[in-house]
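**Q** Test case, fold it:
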Amino acid sequence: MNRVLVTGGSGFTGTNLCRRLRHEREDVVAFVRPTSRTAPLEQLGVECRRVDIADREAVAREFQGISTVYHLAAAYREELGDKTEFQRTNVEATRNLLDAASASGVRRFVHCSTVGVQGQIDEPPANEEYRFAPGDHYQQSKLDGEILALEYARRGLPLVVVRPVGIYGPGDLRFLKLFRSIHRGRFVMIGSGRSLYHLTYIDDLIEGFVLAGTSPRAVGEVFTIAGPRYTTLKELVGMIADVLGRPHPRLRVPFAPVYAASVVSERVCRWLNVSPFLYPRRVEFFSKDRAFDTGKARRMLGYQPAVDLEEGLRKTAAWYREAGLL
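**A** The predicted model follows:
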């Protein structure tokens, strides 16, 4: 019997992946943190194990009988995030899982990276061979983890790397602030709005993961998983306004002075050990091109994103409304 391990199973993407795997009658085990809410996974029939993946012995002990691994767990960006913690979770904990998988002889190891390892895309759209340019400690740690995973692939571990673009859909809260500001008429564009941005609807991303975990051609490869199209930020904001039934935002401020203020804010607040009211990374969202080519996943995996951007935004907005978040 194929027992599937999902690390980070209690997160947005992890829960959706577990749901898909259980729908396909897979025996699923999730490694979760002690503080994770596990009721939704347990209702799906997922066996939840509270395992610190940075604990090498604990990982090895709980790995018995695992045949497929989807490694989604990660330390994500925190505005005052500790570089050491990023390395501990995104690199050294990944090493623990790779060692346990190698010792157990798993059939497939799918490692979740991020397109963030390529940073600003100067010649969009970028494919998997485009140069690396991580822009912060988080992206650097994800790059280090991806490079480490591919080293194990070269040693013979049947491994696949998946790089998702921005993830959205019902249940996700990362884009709630953007939807809410547009809904309330408070959105202000920083800069021209001409920067490119690429999203992937959660169901399409899960399909990409499953294809990476089952396709014989996937082993040893890296795949970018993204939605069917990218847009400018101005177009994206306009589409969100349309699905919310709100006027298109018109307020715009120049990028340079806002970015300069964010740098000062971060430095002063870091010295005071408090969270800044304005972060450079958030301001950079308005200036960097992030658009990607999914041709490789289409050719080798048969990946076909099924949810158009407008449809996905409409479903996401509907969920926000039903949840009372707008």
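**Q** Am I right that residue 57 falls within a helix?
**A** Yes. Judged by DSSP: H, G, I helix; E, B strand; the rest coil, residue 57 forms part of a helix.
**Q** Just give the number of residues close to it.
**A** 9 (other CB atoms under 10 Å). C-betas here are computed from N, CA, C, even on glycine.
**Q** Which residues are in contact with it?
**A** Under the criterion of CB atoms under 8 Å, 6 or more residues apart in numbering, residue 57 has no neighbours.
**Q** how much space between it and residue 101?
**A** 15 Å (CB to CB, to the nearest Å).
**Q** what does residue 147 give?
**A** With CB to CB as the criterion, residue 147 and residue 101 are 17 Å apart.
**Q** So for the two, which sits in the more crowded spot?
**A** Neighbour count, other CB under 10 Å: between residue 147 and residue 101, residue 101 has more, with 26 against 14.
**Q** Per-residue pLDDT of that one, please?
**A** Residue 101 is assigned 97 on the pLDDT scale.
**Q** again with residue 206
**A** For residue 206, the model assigns a pLDDT of 98.
**Q** cool, and the one 10 residues further on?
**A** At residue 216 the predicted local confidence, pLDDT, stands at 95.
**Q** before we move on, what about residue 270?
**A** 79.
**Q** burial of it, as a residue count?
**A** Neighbours around residue 270, by other CB under 10 Å: 13.
**Q** so it is in which element?
**A** helix 255-272 (DSSP states H and E).
**Q** counting contacts, what elements does that helix pack onto?
**A** Contacts defined by 3 or more CB pairs under 8 Å, 6 or more residues apart in numbering; DSSP states H and E place helix 255-272 against helix 280-284.
**Q** helices and strands around the helix it packs on, which ones?
**A** helix 255-272.
**Q** what residues does the helix it packs on touch?
**A** Under CB under 8 Å, 6+ apart, the answer for helix 255-272 is 79-80, 190-192, 275-280, 282-284, 286-287.
**Q** Any buried residues in that helix, and which?
**A** Buried residues in helix 255-272, counted by 16 or more other CB atoms under 10 Å: 255, 258-259, 262, 265-266, 269.
**Q** What of stretch 113-130?
**A** In stretch 113-130, counting by 16+ other CB under 10 Å, buried: 113-119, 121, 124-126, 128, 130.
**Q** Tabulate those in JSON lines, adding columns for distance to residue 249, secondary structure and pLDDT.
**A** What follows is the buried residues of stretch 113-130, written out as JSON lines (distance: CB to CB, whole Å; DSSP: H, G, I helix; E, B strand; the rest coil; pLDDT from 0 to 100):
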{"residue": "113", "distance to residue 249": "33", "secondary structure": "coil", "pLDDT": "98"}
{"residue": "114", "distance to residue 249": "28", "secondary structure": "coil", "pLDDT": "98"}
{"residue": "115", "distance to residue 249": "26", "secondary structure": "helix", "pLDDT": "98"}
{"residue": "116", "distance to residue 249": "26", "secondary structure": "helix", "pLDDT": "96"}
{"residue": "117", "distance to residue 249": "31", "secondary structure": "helix", "pLDDT": "97"}
{"residue": "118", "distance to residue 249": "29", "secondary structure": "helix", "pLDDT": "97"}
{"residue": "119", "distance to residue 249": "27", "secondary structure": "coil", "pLDDT": "95"}
{"residue": "121", "distance to residue 249": "25", "secondary structure": "coil", "pLDDT": "97"}
{"residue": "124", "distance to residue 249": "24", "secondary structure": "coil", "pLDDT": "96"}
{"residue": "125", "distance to residue 249": "26", "secondary structure": "coil", "pLDDT": "98"}
{"residue": "126", "distance to residue 249": "28", "secondary structure": "strand", "pLDDT": "98"}
{"residue": "128", "distance to residue 249": "34", "secondary structure": "coil", "pLDDT": "98"}
{"residue": "130", "distance to residue 249": "31", "secondary structure": "coil", "pLDDT": "98"}
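**Q** Adding distance to residue 232, write those out as a markdown table.
**A** As requested, the buried residues of stretch 113-130 are exported to a markdown table (distance: CB to CB, whole Å):
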| residue | distance to residue 232 |
| --- | --- |
| 113 | 26 |
| 114 | 22 |
| 115 | 18 |
| 116 | 20 |
| 117 | 23 |
| 118 | 19 |
| 119 | 19 |
| 121 | 13 |
| 124 | 11 |
| 125 | 13 |
| 126 | 16 |
| 128 | 23 |
| 130 | 20 |
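**Q** And the furthest pair within these?
**A** With distances taken as CB to CB, the most widely separated pair in those is 113 and 124, at 18.9 Å.
**Q** Name the helix or strand for residue 199, please.
**A** strand 196-201.
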